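Novice: fold the following.
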Amino acid sequence: MIDITAKKVLIIDVDKKEYNAKTFTDLNKFLGGTGLGLKLLEMFVDENPLIFSVGPLNGFFPFASKSSIVLTNDGVVEDLYLGGSISTRLKFAGLDALIIKKTSDNKTIIEIKNSEVYFHNEGTDIQSLGLTGKRCLIEFDGKKVLSDQYFTTPDDYLEKIFTEKNIGGISITGTEIFSPKNFDEYKKIYSEILERKDELRVLEGNYPSCSNCPMGCGKSKVGEIGGNILVNSLVACQFADKIYTDIGTVFSCLNVLGYDYTHEDIENLPGLIEETIKNIS
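Specialist: Numbers count the residues shown, from 1 in each chain. Predicted structure coming up:
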């Protein structure tokens, strides 16, 4: 069962081929996504972490569809946003974040099934890993990292750190469940947000969609860099910023899922992130 009272982080050491899932109640104030990723970077910065993180709405509401990636590139902090199904799979693996630290001495493919991790050698066919229909595959052919064989990022930071860490790919299967306490109200809010698709800054298309997005827009293939702090901590699509900077909408979504965030928590978020970046620097 997904736990909304704390942040659950899966920490993978690719050097020792070890892993550990930890919960952090004191990280709730960082909300998720960028906020959580940057705080985890501060905590693990000496171990050269690659951090994937999701927000509290990922997997539950339309257009809250991206995954946050935080890493350092030659000492510079970079925050990236990747499309596809990774956010849903991490969420339904019961995870708020995934940290891959240190460096493997051989090419390694990482298989995650909820909170369990398996390490495979380079010759393993990543398509054979995980549960079809409940997995996300992040593949690296030595040139470009692709999520779901389509989605990528607009730079080479992710490719560089996959190369440095000797990671050949990641398979994530998530099968955990979560049911909002007031399911009728949840369905109502979900429908209301879906009906606001005309507020998105993209047009509908026939391209592959990110999870929980019906738009199939032509801009979904290449992810994002930077952007609005609240949107990026919710890890919503930047093209849905009119919806997910609407504080009333955000709180309706959070409340119906059972989160107890306050307006003060949202107001304090930019300051927390600014302080965290200073600490990292």
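Novice: so where's the stretch 51-200 of the chain uncertain?
Specialist: Across the stretch 51-200 of the chain, nothing is flagged by pLDDT under 70.
Novice: just the helices in the stretch 101-250 of the chain please.
Specialist: 157-165, 183-194, 229-234, 241-244, 247-257 (DSSP state H, counting those that start in this stretch).
Novice: may I see the buried residues of the first one?
Specialist: Residues Tyr157, Leu158, Glu159, Ile161, Phe162, Lys165 are the ones in helix 157-165 that count as buried (16 or more other C-beta atoms under 10 Å). In short, each C-beta sits where N, CA and C put it, glycine included.
Novice: in JSON lines, list the residues you listed along with distance to Ala240.
Specialist: As requested, these are exported to JSON lines (distance: C-beta to C-beta, whole Å):
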{"residue": "Tyr157", "distance to Ala240": "24"}
{"residue": "Leu158", "distance to Ala240": "23"}
{"residue": "Glu159", "distance to Ala240": "27"}
{"residue": "Ile161", "distance to Ala240": "28"}
{"residue": "Phe162", "distance to Ala240": "28"}
{"residue": "Lys165", "distance to Ala240": "32"}
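Novice: which one of those residues is nearest to Leu137?
Specialist: Nearest to Leu137, judged by C-beta to C-beta, of the buried residues of helix 157-165 is Phe162 at 13.7 Å.
Novice: skip the chain neighbours and tell me the closest residue to that closest one.
Specialist: Excluding the flanking residues, the one nearest Phe162 by C-beta to C-beta, 6 or more residues apart in numbering is Phe140, at 4.8 Å.
Novice: do the same with Lys197
Specialist: Lys197's closest residue in space is Met215 (C-beta to C-beta, 6+ apart), at 6.7 Å.
Novice: give me the pLDDT for that neighbour.
Specialist: pLDDT for Met215: 93.
Novice: and for it, the neighbour number?
Specialist: Neighbour count for Met215, taken as other C-beta atoms under 10 Å: 22.
Novice: now swap in Ser220 and tell me
Specialist: Ser220 has 23 nearby residues by other C-beta under 10 Å.
Novice: can I get the CA coordinates of the helix or strand where Ile69 lies in PDB?
Specialist: If you go by DSSP states H and E, Ile69 is part of strand 67-73. Output of strand 67-73 as PDB, limited to C-alpha atoms (Å, rounded to 0.1, in the frame of the first residue of the first chain):
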ATOM      1  CA  SER A  67       9.400  12.600 -13.600                       C
ATOM      2  CA  SER A  68      12.100  14.800 -12.100                       C
ATOM      3  CA  ILE A  69      15.800  14.000 -12.500                       C
ATOM      4  CA  VAL A  70      18.400  15.800 -10.400                       C
ATOM      5  CA  LEU A  71      22.100  15.300 -10.900                       C
ATOM      6  CA  THR A  72      25.400  17.200 -10.900                       C
ATOM      7  CA  ASN A  73      27.300  17.800 -14.100                       C
END
